[in-house]
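Asker: turn this into a model:
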Amino acid sequence: MKREIILFSTIFTLFTLVSCGGGDDGPGSINPPTVNTDPTAVSQLIYPSTDLLCIDNTITFQWSAASDADGDPISYKLVIAEDRNLTTIVQQVTVNNTSINITLTKGTAYYWNVTAIDNQGGEADPSSTFAFYTEGNGVSNHAPFTAAIGTPSDAGMVDAGTINLSWTGSDTDTGDTLTYDLYFGETMNPSSFQTDITDQNFAVTATTGLTYFWRVDTIDDSGVKTIGQVWSFSVN
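Answerer: Residues are numbered from 1 along each chain as shown. Predicted structure coming up:
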């Protein structure tokens, strides 16, 4: 009889342990960490629109709202620079809404984009980069914007052979006719390759295993030139 009581007590104790926390969700289990989802990118820059000539140098920057799948609060990092690569930054601010007033220098070309960030540190891809120009006093002609890269992408890879270099030029003086000087070569400071290009593309020959650097300067029909930025690509 004593042996039966001991056996029953042991079985009851085991059943109690399993029922009261011995399963997968017990103290010994490890819950997987929560994975944060980055917010969506800002899809639209509303103002200043691309290639806009701004008469007033105090500008209300506006953009579309991003969203976050986790419902996290979102802030926005606005970057304004004097170059299309956004390296010469003149203003960088983070705000919780989708607009802000900023005063800039007159008679200057600027480039801007916006990046959405959630409160967990998740960061979206930056928006497109737009160019605009602040009107100067008594200015009748404005320098063109720096050319925007088309193909191949900067630091990208291409196959050997004939490569079509393409870019986009623009100017706030919409009546101006733009031409382009192409610099191309194997050094980081490429030499002049072709001048007075009227199209926004030019074909070159690339050799396997080499890295090439190229730059496009933009000239308006008043002879005002804007120096482009150096891009590169490597050849398979």
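Asker: mind saving the C-alpha coords of stretch 120-138 as CSV?
Answerer: What follows is stretch 120-138, C-alpha atoms only, in CSV (Å, rounded to 0.1, in the frame of the first residue of the first chain):
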residue,chain,number,x,y,z
GLN,A,120,13.3,52.5,-33.4
GLY,A,121,16.1,53.8,-35.6
GLY,A,122,14.8,52.2,-38.8
GLU,A,123,15.7,54.3,-41.8
ALA,A,124,14.1,54.2,-45.2
ASP,A,125,15.9,54.7,-48.5
PRO,A,126,16.2,58.5,-49.3
SER,A,127,13.7,60.1,-51.6
SER,A,128,14.6,61.3,-55.1
THR,A,129,17.0,64.3,-55.2
PHE,A,130,15.5,67.5,-56.6
ALA,A,131,17.3,70.6,-57.8
PHE,A,132,16.1,74.2,-57.4
TYR,A,133,17.6,77.7,-57.7
THR,A,134,17.1,80.8,-55.5
GLU,A,135,16.7,83.9,-57.5
GLY,A,136,19.5,86.5,-57.1
ASN,A,137,19.2,90.3,-57.3
GLY,A,138,19.2,91.6,-60.8
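Asker: flag every buried residue along it.
Answerer: 122, 124, 127, 129, 130, 131, 132, 133, 134, 135 (16 or more other C-beta atoms under 10 Å). Quick note: C-beta positions are derived from backbone N, CA and C, even for glycine.
Asker: residue 62 is in contact with residue 101, correct?
Answerer: No. Residue 101 lies out of contact with residue 62 (C-beta atoms under 8 Å); the separation is 10.2 Å.
Asker: neighbour count winner among the two?
Answerer: Under the criterion of other C-beta atoms under 10 Å, the comparison of residue 101 against residue 62 puts residue 62 first, with 16 against 8.
Asker: contacting residues around that one?
Answerer: 45, 46, 47, 98, 99 (C-beta atoms under 8 Å, 6 or more residues apart in numbering).
Asker: show me what the spatially closest residue to the third one that is not a sequence neighbour bridges to in the sheet.
Answerer: When you say that, I think you mean residue 47. Of all residues beyond its chain neighbours, the one nearest residue 47 is residue 62 (4.5 Å), with distances taken as C-beta to C-beta, 6 or more residues apart in numbering. The partner list for residue 62 in beta bridges (DSSP bridges) reads residue 47, residue 99.
Asker: also residue 182?
Answerer: Under the criterion used (DSSP bridges), residue 182 bridges to residue 194, residue 216.
Asker: now it: how far from residue 159?
Answerer: Remark: distance between residue 182 and residue 159 (C-beta to C-beta, to the nearest Å) = 21 Å.
Asker: and if you look at residue 167?
Answerer: For residue 167, the distance to residue 159 - C-beta to C-beta - is 20 Å.
Asker: the two: who's more crowded?
Answerer: residue 167 (23 against 10).
Asker: can you tell me the SS state at that one?
Answerer: strand (DSSP: H, G, I helix; E, B strand; the rest coil).
Asker: change the start of the numbering to 14 and stick with it
Answerer: With 14 as the first residue, the last one maps to residue 180.
Asker: pop the domain breakdown of the protein in here.
Answerer: 58-147, 161-248 (automatic domain parsing).
Asker: mind checking pLDDT for the closest residue to residue 71 other than its chain neighbours?
Answerer: Spatially, and ignoring its direct neighbours in sequence, residue 71 is nearest to residue 116 (4.5 Å; C-beta to C-beta, 6+ apart). For residue 116, the pLDDT comes out at 97.
Asker: ok, the one 5 residues further on next?
Answerer: With respect to pLDDT, residue 121 has a value of 94.
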